[in-house]
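K.L.:
can't give you the sequence, but here's the structure:
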């Protein structure tokens, strides 16, 4: 029992203190996820971190094996139904600020200020009625599965690889599951 208490205390010390301010969304990017699906050999991973206190959005993308040099990359929002369909571009156009262009493989890491209109497609702000409504629509779209990230190439001008962004479990969830499993293992040993 003492070992279990020590293990639980250690896990609690390792848990993040600001877990409530960061929401993480992830996706795998590929051709079959596009609309319409395609047979591109391209793949990628994307992570979008929303800091609800700082009102920022950190976008990290890694991709490889595109059939041509990329010409655009951005987030689309909001589809009519979760995890299906297409939508207009919500973020900067034609591509994310500083995204590597004209390459078939690469990586990207940039933080956007969600209170800055230059972080969005002007048409998205207009469609939502205001900057604050655009931010709210993007965050709602992320939360309900109506937002996707994709990368466009000359061979696939409507998008070569994409993936719908899904909220990742909080680190505390993994820590609690690990603590429960550790308790099970310790109890089984005794």
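P.N.:
Noted; the coordinates are in hand. Being a predicted model, the structure only gives us computed values, none of them experimental. Numbers count the residues shown, from 1 in each chain.

K.L.:
please count neighbours and contacts with C-alpha atoms only from this point.
P.N.:
Will do.

K.L.:
from the chain's centroid, how far away is whichever strand or helix holds residue 74?
P.N.:
Residue 74 belongs to strand 72-77 when assigned by DSSP states H and E. Remark: strand 72-77 is offset 11 Å from the chain centroid, using CA atoms, centre = their mean, to the nearest Å.

K.L.:
after it, which helix or strand is next? Please name it.
P.N.:
Later in the chain than strand 72-77, the nearest helix or strand by DSSP H and E is strand 106-113.

K.L.:
check which helices and strands that following strand sits against.
P.N.:
strand 56-64 (3 or more CA pairs under 8 Å, 6 or more residues apart in numbering; DSSP states H and E).

K.L.:
ok, the strand it packs on: who's next to it in the sheet?
P.N.:
With DSSP bridges as the test, strand 56-64 is paired with strand 43-51 (antiparallel), strand 106-113 (antiparallel).

K.L.:
among these, which is the most enclosed?
P.N.:
Comparing these by mean neighbour count (mean count of other CA atoms under 10 Å), strand 43-51 ranks first with a mean of 21.

K.L.:
next, the distance between the ends of stretch 101-109.
P.N.:
14 Å (CA to CA, to the nearest Å).

K.L.:
with distance to residue 59 added, can I get the strands paired with strand 56-64 in CSV?
P.N.:
Formatted as CSV, the strands paired with strand 56-64 follow (distance: least, CA to CA, whole Å):
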stretch, distance to residue 59
strand 43-51, 5
strand 106-113, 5
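
K.L.:
of these, which is nearest residue 156?
P.N.:
Nearest to residue 156 among the strands paired with strand 56-64 is strand 43-51 (13.8 Å), distances taken as CA to CA.

K.L.:
give me the angle between the closest one and strand 72-77.
P.N.:
60 degrees (axes from the mean of the first three to the mean of the last three CA atoms, to 10 degrees).

K.L.:
can you list the residues that contact strand 43-51?
P.N.:
21-31, 56-66, 149, 161, 165 (CA atoms under 8 Å, 6 or more residues apart in numbering).

K.L.:
got a markdown table for the strands paired with strand 56-64, with distance to residue 74 and mean pLDDT too?
P.N.:
Shown next, in a markdown table, are the strands paired with strand 56-64 (distance: least, CA to CA, whole Å; pLDDT from 0 to 100):
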| stretch | distance to residue 74 | mean pLDDT |
| --- | --- | --- |
| strand 43-51 | 11 | 98 |
| strand 106-113 | 12 | 98 |
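
K.L.:
out of those strands, nearest to residue 137?
P.N.:
strand 43-51 (13.5 Å).

K.L.:
low-scoring stretches of this structure, by residue?
P.N.:
1-20, 170-190 (pLDDT under 70).

K.L.:
mind doing that once more with 50?
P.N.:
The chain contains residues with pLDDT under 50 at 1-18, 173-175, 179-189.
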